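1. Predicted structure and sequence below. I'll ask about it afterward.
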Amino acid sequence: MTRLLQLRAMWRSSRPAILLFPLLSGCNGPQSALQPAGIEAERVAALFWWMTGGGILIWLVVMGLFIYATHIRRHKEHSVRRTRWLILGGGIIFPTVVLAALLVYGLILMAQLRDFSGTTLKIAVSGEQWWWRVRYAREDGSMVELANEIRLPVGERVAFELSSPDVIHAFWIPSLGGKVDMIPGRTTQMILEPTKPGTYLGACAEYCGSAHALMKFDVVVMEKAAFAEWLERQAAPAKPPQDATAQQGLQAFLANGCGACHSVRGTEARGQVGPDLTHAGSRLSLGAGTLPTNAETFSRWIGHTDQLKPDVRMPAFGMLPADQLAAMARYLSELE
Amino acid sequence: MLPRFVERFLTPASGPLRALRWLLLGLALAIGGLLVAWSGVIPIAASSGHWPITDWFLHFAMRSAVRTQSLGISAPDLDDPALVLKGAGHYASACTACHGAPGEAQSLVVQYMTPPPPLLAPRIKEWQPEELFWIVKHGVKFTAMPAWPAQERDDEIWAMVAFLRTLPELDPASYAWLANGTDAKSAINPLQAMAGPQEAVLADCARCHGSDGNGRNTGLPDQAITEPLVPKLAGQSEAYLLASLQAYARGERHSGIMQPVAVALDEATMQALARHYASLPPSAEAARDEQAIARGRTLAAQGRPEQGTPSCLECHGPTATVRNPFYPDLAGQYATYLTAQLKLFSTDQRGGTQYAHLMQHSTQRMNDIQMEDLARYYESLQRN
């Protein structure tokens, strides 16, 4: 009796989860191919649902025939002709027709996804171990470099030029479209046309080394006017330090040689090895999706990169005096 | 009449019983051996020496081990006078007490060791350079011959071997020139030592780094060293010099030559030495390979972003901005020394101050030519 009560209690407590399971709540959120926010992702999601439907249909028909043959007409002998029709029709012809239809659909879709005409904005993205170098081509022909964050205007077809200087990476924003490999020595292309403003997540979808799981980026789809304003701000040089602490931070940044790898446009720091930090404080995340951005996380990152991201190329600067670290973190977090 | 259990043990048997008997016999011998050792009658006295047969066997085993275990080693070019000079300086401070030197007898005390350390000069020819390398690197058990304190630094050990190979031909005056930079027996002048402990220490430093802190550029009086291996300390950042001495003393910067020197210094002496060398004027080097210098200049200024190599200027100058004083100023430093350091950094064998890991990251993807170019460029600069 008590056992029965226990079972009942278990059922009660787990009922909501069991009922929600079919809704696949894990597939929601900023990184879901099943919640498309762009035309390409809608096409991929439609393909997914058609393929799922086709698969279910084949399964139902084949299992139905199996049950019919083994259970419903179990005691009656089947004629040779009928048997042949069941096997050829249900086992070969029917699945072939359904799968061929899905294949034709998929091929037509692929041609649509590879149509690179009619784009209005071009962004070059280079996947590097383990971060993203992002370059926007502006109308006057100049390039604006930033890192680990991509912002897009809603309703515009954007061309991506994808490359890699080291190993194969794959560029994937599930909410906006499919994934495309970034291959050393080649430039690959992809088109995305976002349809819903919002914040999404992108990730590297090809294992590329120890910190592969921490090679992410934020994607923000904005209204066109807000986007234009944002790009204008990104193109501008860094704002000068606002107070004595930030000034000390800039001095520490330069004195410790950070400029050998990083650029902060408008200062002497012109390094091209690591991410451009001109507007690092305006970004949503730090270390390619490792931490949020604020003065505290900047300090933690600079002091302990090795503990936060395995094998990261940036050496840890935990040996610097605490006040220098704090000042540098303040300065960087204010670079909006 | 034997006791019953001995009688049973000696009775022929077969199979598992026989195996058990051998096991018991082995156990009895082991326990017996331990009892003998415990009783304290084993002769371990150095005063009694070895029996000739023990002596023969131990040497036979040692020579065979060195021969076999040095098979995988191949010697680099050892004729460079700079290598010989570097080895000589260390030989004078670390080896002479046991092994003697031209014009210097072995310490009387060590001759009462078993085995007594050999007077080296006449014995060098018996060994191949690779075998000498093995002995200097690994030392020899039961003989008091120590291993090289920094196992990372094969380059230093080869310098030692280069010197050892010249040892048989050296007369006392030439040896004194190599080891001390003068024909005096020892550069540590007792009168200077009385004037203040730091003077004696400085005289010791000067044997390799030169009395002006610019590194010795002559081996024998008529022998110019064109590619010095010992770094120029004159005019270097004081913070860097002090941190480096401390890193040597803690074993964090690896060197079989500098670690023993630094460990013997107290904090105040280290500070005084760092201050002293930072205050000296650095010498200027004549430019050598203009093309290499030009390539090095570009690489130092721009780095090589596509291979992940940062520029050098931001940390090592020349720049107009203030730089962290823990980063050494490389202007005018000897190219050979810089190249050697870059190579050690790139293979994670150099160690150093708490900033050293920055260089490991920076040098990882550099090739030999790039290192050479950078070194030539920095050598050609004048420090201001």
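-> Ah, there it is.
2. so who does B:Thr339 touch?
-> Counting by Cβ atoms under 8 Å, 6 or more residues apart in numbering or on different chains, B:Thr339 touches B:Met371, B:Glu372, B:Ala375. Every C-beta, even on glycine, is put in place using the N, C-alpha and C of the backbone.
3. all strands for chain A, in order.
-> Counting by DSSP state E, residue ranges of the strands within chain A are A:121-128, A:131-137, A:143-147, A:149-153, A:158-163, A:169-172, A:179-182, A:188-192, A:198-204, A:216-222, A:285-286, A:291-292.
4. ok so, going back, list just the nearest of the contacts of B:Thr339 to chain A.
-> Lowest distance from chain A to the contacts of B:Thr339 (Cβ to the nearest Cβ) belongs to B:Met371, with 16.5 Å.
5. so the closest one is in which element?
-> helix B:368-380 (DSSP states H and E).
6. Other residues contacting that helix?
-> Contacts of helix B:368-380 (Cβ under 8 Å, 6+ apart): B:285, B:287-289, B:292-297, B:299-300, B:304, B:309, B:312, B:316, B:330-339, B:342-343, B:346, B:363, B:366.
7. picking up where we left off before, pick the most deeply packed of the strands of chain A.
-> Among those, strand A:169-172 has the highest mean neighbour count (mean count of other Cβ atoms under 10 Å in any protein chain shown), at a mean of 24.
8. partners of that one in the sheet?
-> strand A:179-182 (antiparallel), strand A:198-204 (antiparallel) (DSSP bridges).
9. The residue nearest to B:Leu241 when sequence neighbours are not counted: how many residues sit nearby?
-> Once flanking residues are discounted, B:Leu241 sits nearest to B:Ala274: 3.9 Å by Cβ to Cβ, 6 or more residues apart in numbering or on different chains. Counted with other Cβ atoms under 10 Å in any protein chain shown, the neighbours of B:Ala274 add up to 22.
10. quick one on the thing from earlier: I'd like the strands paired with strand A:169-172 laid out as a markdown table, including mean pLDDT.
-> Putting those into a markdown table (pLDDT from 0 to 100) gives the following:
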| stretch | mean pLDDT |
| --- | --- |
| strand A:179-182 | 95 |
| strand A:198-204 | 95 |
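11. Turn those into a markdown table, columns for distance to A:Gly274.
-> Output for those, formatted as a markdown table (distance: least, Cβ to Cβ, whole Å):
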| stretch | distance to A:Gly274 |
| --- | --- |
| strand A:179-182 | 18 |
| strand A:198-204 | 17 |
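12. how about A:Met190, what does it touch?
-> Per Cβ under 8 Å, 6+ apart, neighbours of A:Met190: A:Ala159, A:Phe160, A:Leu162, A:Phe171, A:Gly177, A:Gly178, A:Val180.
13. which ones are touching residue 168?
-> Assuming you mean chain A. Neighbour list for A:Ile168: A:Asp181, A:Met182, A:Ile183, A:Pro184, A:Glu206, A:Cys208 [criterion: Cβ under 8 Å, 6+ apart].
14. hmm, I had chain B in mind actually
-> B:Pro168 makes contact with B:Ala121, B:Pro122, B:Ile124, B:Lys125, according to Cβ under 8 Å, 6+ apart.
15. Just the buried subset of those residues, please.
-> By neighbour count, with 16 or more other Cβ atoms under 10 Å in any protein chain shown, the contacts of B:Pro168 hold B:Ala121, B:Ile124 as buried.
16. Just the closest of the contacts of B:Pro168 to chain A, please.
-> So of the contacts of B:Pro168, ranked by how close each gets to chain A (Cβ to the nearest Cβ), first place is B:Ile124, at 44.0 Å.
17. I'd assumed B:Leu167 was in contact with the closest one.
-> Yes: counting by Cβ atoms under 8 Å, B:Ile124 does reach B:Leu167; the two are 5.6 Å apart.
18. Domain-wise, how is chain B divided?
-> Chain B breaks down into these domains under automatic domain parsing: B:72-180, B:284-384.
19. interface residues of the stretch 51-200 of chain A facing chain B?
-> Contacts of the stretch 51-200 of chain A with chain B, taken as Cβ under 8 Å from any Cβ of the partner chain, map to A:Pro165.
20. from the stretch 51-200 of chain A, which residue is nearest to chain B?
-> Across the stretch 51-200 of chain A, the shortest distance to chain B (Cβ to the nearest Cβ) belongs to A:Pro165, at 5.5 Å.
21. Kindly provide the distance from that residue to A:Trp131.
-> 12 Å (Cβ to Cβ, to the nearest Å).
22. same deal with B:Leu25?
-> From B:Leu25 across to A:Trp131, the span is 69 Å (Cβ to Cβ).
23. For the residue nearest to B:Ser255 when sequence neighbours are not counted, what are phi and psi?
-> Leaving aside its chain neighbours, B:Ser255 sits nearest to B:Ala150 (5.2 Å; criterion: Cβ to Cβ, 6+ apart). When read as degrees, to the nearest 10, the backbone of B:Ala150 gives phi -120, psi 100.
24. what ranges do the helices span in the stretch 101-250 of chain B?
-> In the stretch 101-250 of chain B, the helices defined using DSSP state H, counting those that start in this stretch lie at B:129-138, B:154-166, B:172-180, B:190-195, B:197-209, B:238-250.
25. in the last one, what's buried?
-> Within helix B:238-250, the residues scored as buried using 16+ other Cβ under 10 Å are B:Glu238, B:Ala239, B:Tyr240, B:Leu241, B:Leu242, B:Ala243, B:Ser244, B:Leu245, B:Gln246, B:Ala247, B:Tyr248, B:Ala249.
26. Just name the shakiest helix or strand of chain B by mean pLDDT.
-> helix B:190-195 (a mean of 48; mean pLDDT, DSSP states H and E).
27. now, which of the buried residues of helix B:238-250 sits nearest B:Ile135?
-> Nearest to B:Ile135 out of the buried residues of helix B:238-250 is B:Tyr248 (Cβ to Cβ; 24.0 Å).
28. For the closest residue to B:Leu374 other than its chain neighbours, give me its contacts.
-> Nearest non-adjacent residue to B:Leu374, counting by Cβ to Cβ, 6+ apart: B:Gly296, 4.7 Å away. B:Gly296 sits next to B:Asp373, B:Leu374, B:Ala375, B:Arg376, B:Tyr377, B:Tyr378 when contact means Cβ under 8 Å, 6+ apart.
29. now the residues you listed as a markdown table including pLDDT and neighbour count?
-> Shown next, in a markdown table, are the contacts of B:Gly296 (pLDDT from 0 to 100; neighbours: other Cβ atoms under 10 Å in any protein chain shown):
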| residue | pLDDT | neighbour count |
| --- | --- | --- |
| B:Asp373 | 94 | 25 |
| B:Leu374 | 95 | 27 |
| B:Ala375 | 94 | 24 |
| B:Arg376 | 93 | 24 |
| B:Tyr377 | 94 | 26 |
| B:Tyr378 | 94 | 25 |
